[in-house]
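Engineer: Test case, fold it:
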Amino acid sequence: MNFLFPLLAVLIWSVNAIVSKVSAGAIDPAAISFYRWLLALLTLTPFLLPAVWRNRQQIRQVWWKLLILGLLGMVLYQSLAYYAAHSVTALFMGIINALIPLLTVLISIVLLRLAPTLGIVIGSLLSFGGLVWLVSQGNPQQLLSHGLGKGELMMFAASTSYALYGVLTKRWAIPLPNWQSLYVQILFGVLLLLPNFLMAKDVSLNLHNIPLVLFAGLFASVLAPFLWIQGVMRMGANTATIFMNLAPIFTAIIAVLFLHEALHSYHFIGGGVTLLGVLLAQRLRTPIRWRKRPSANADSAVTKVD
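Structural biologist: Here you go, the predicted structure:
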């Protein structure tokens, strides 16, 4: 039954993509971003504030790292997704979010000096081709003529921000328990979101948008991370990560059933190729080794890829 933990976490995050799309017509992006993390902060405070206060000296030494993580994970990733929801479908949001594991690996090559693998190379090319097909709606020539839309760029930037968040979390290995680290990141996130919230024209709550805020603030921001952490502890990170590949499938099913979004051939082709690339990057781990092989000329060498 351990598989239920990551499965339910992914399901909640998939539903949250639908919530993000619905929120586009119900509440200002600056408002739901702020309310969401404020609600999560208030919910976690009774459980975590005493321990955070005891570790305040330790937190003071790494506060700037927690600030950057809060900016990437709580501010940029979530806010950009809410703004993007005004012009892209929930289906598209789900597929772009599925790129996060691949983007994490690509950033890790640079920041963590992760050795490239055959899967990363082939997977990156496949995913790029799938995205081109998806964004262009099966007509790449049109994409060359008109370029990417604002919503598509925002979603890609959001996924890249979260991928960088994951890489920096691993690189810095902040010496705090996971939940205490997350709590301080959320605190910084709320502070960083406050100026944009204060400048928003309408931040009112009503019967239409309160359920969206509650789901985003409690289920997607508190319950889903709890389930995910439990899944990682029980199954290991590598096994749990496989469940993330189900996110675009869950999102597509929910979007079609509840938002009545239409599935087209370019969704199946572009999304399928993109996900295949992500899977290859995760599973095909044959390392690429560069070696020199003597040639006929003793003074020269040929570089060969294995």
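Engineer: Can you dump the C-alpha atoms of stretch 51-60 in CSV for me?
Structural biologist: The C-alpha coordinates for stretch 51-60 follow below in CSV (Å, rounded to 0.1, in the frame of the first residue of the first chain):
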residue,chain,number,x,y,z
ALA,A,51,10.9,23.9,16.5
VAL,A,52,11.8,26.6,14.0
TRP,A,53,12.3,29.0,16.8
ARG,A,54,14.6,26.6,18.6
ASN,A,55,16.7,26.3,15.5
ARG,A,56,16.8,30.1,14.8
GLN,A,57,20.5,30.3,15.0
GLN,A,58,21.0,27.6,12.5
ILE,A,59,18.4,29.2,10.2
ARG,A,60,20.1,32.5,10.5
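Engineer: Run through who's touching that stretch.
Structural biologist: 66, 175-177, 180, 183-184 (C-beta atoms under 8 Å, 6 or more residues apart in numbering). Yep, even glycine has a C-beta here, placed from its N, CA and C like the rest.
Engineer: farthest-separated two in those residues?
Structural biologist: P175 and Y183 (15.0 Å; C-beta to C-beta).
Engineer: Pairing partners for T117 in the sheet, please.
Structural biologist: Beta-bridge pairing for T117 (DSSP bridges): P287.
Engineer: How about the contacts made by it?
Structural biologist: For T117, the residues meeting the contact criterion (C-beta under 8 Å, 6+ apart) are 281, 284-288.
Engineer: Redo the residues you listed as CSV? Include pLDDT.
Structural biologist: Listed next are the contacts of T117 as CSV, based on pLDDT from 0 to 100:
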residue, pLDDT
A281, 79
L284, 78
R285, 78
T286, 78
P287, 77
I288, 73
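Engineer: so which of the residues you listed is the most crowded?
Structural biologist: Counting neighbours by other C-beta atoms under 10 Å, A281 comes out on top of the contacts of T117 with 26 neighbours.
Engineer: Mind jotting down where the strands sit in the stretch 201-306 of the chain?
Structural biologist: Using DSSP state E, counting those that start in this stretch, the strands of the stretch 201-306 of the chain run over residues 290-294, 301-305.
Engineer: An error on my part: the question was meant for the stretch 1-150 of the chain.
Structural biologist: According to DSSP E, counting those that start in this stretch, the stretch 1-150 of the chain contains no strands.
Engineer: Any stretches of it with poor pLDDT?
Structural biologist: 142-148 (pLDDT under 70).
Engineer: Least confident of the strands of the stretch 201-306 of the chain, on average?
Structural biologist: Mean pLDDT values for those show the minimum at strand 301-305, a mean of 40.
Engineer: Please report how far N2 lies from A247.
Structural biologist: Plainly put, N2 is 19 Å away from A247 if you go by C-beta to C-beta, to the nearest Å.
Engineer: Ends of stretch 234-253, what's the gap?
Structural biologist: End-to-end distance for stretch 234-253: 28 Å, by C-alpha to C-alpha, to the nearest Å.
Engineer: Give me the more crowded residue out of P175 and Y183.
Structural biologist: Using other C-beta under 10 Å, the more surrounded residue of P175 and Y183 is Y183, with 22 against 11.
Engineer: and that one, what helix or strand is that in?
Structural biologist: helix 178-199 (DSSP states H and E).
Engineer: That helix - contacts with which helices or strands?
Structural biologist: helix 29-54, helix 63-70 (3 or more C-beta pairs under 8 Å, 6 or more residues apart in numbering; DSSP states H and E).
Engineer: Mind checking those for the one nearest to N209?
Structural biologist: In terms of C-beta to C-beta, the element of these nearest to N209 is helix 29-54, at 7.1 Å.
Engineer: Report the buried residues of that closest one.
Structural biologist: For helix 29-54, the buried set under the neighbour-count rule, 16 or more other C-beta atoms under 10 Å, comprises 29-41, 43-44, 48, 52.
Engineer: if I look at the residue lying closest to F250 once chain neighbours are set aside, how far off is D28?
Structural biologist: Excluding its sequence neighbours, the residue lying closest to F250 (C-beta to C-beta, 6 or more residues apart in numbering) is S14, at 3.6 Å. Separation of S14 from D28 (C-beta to C-beta) stands at 24 Å.
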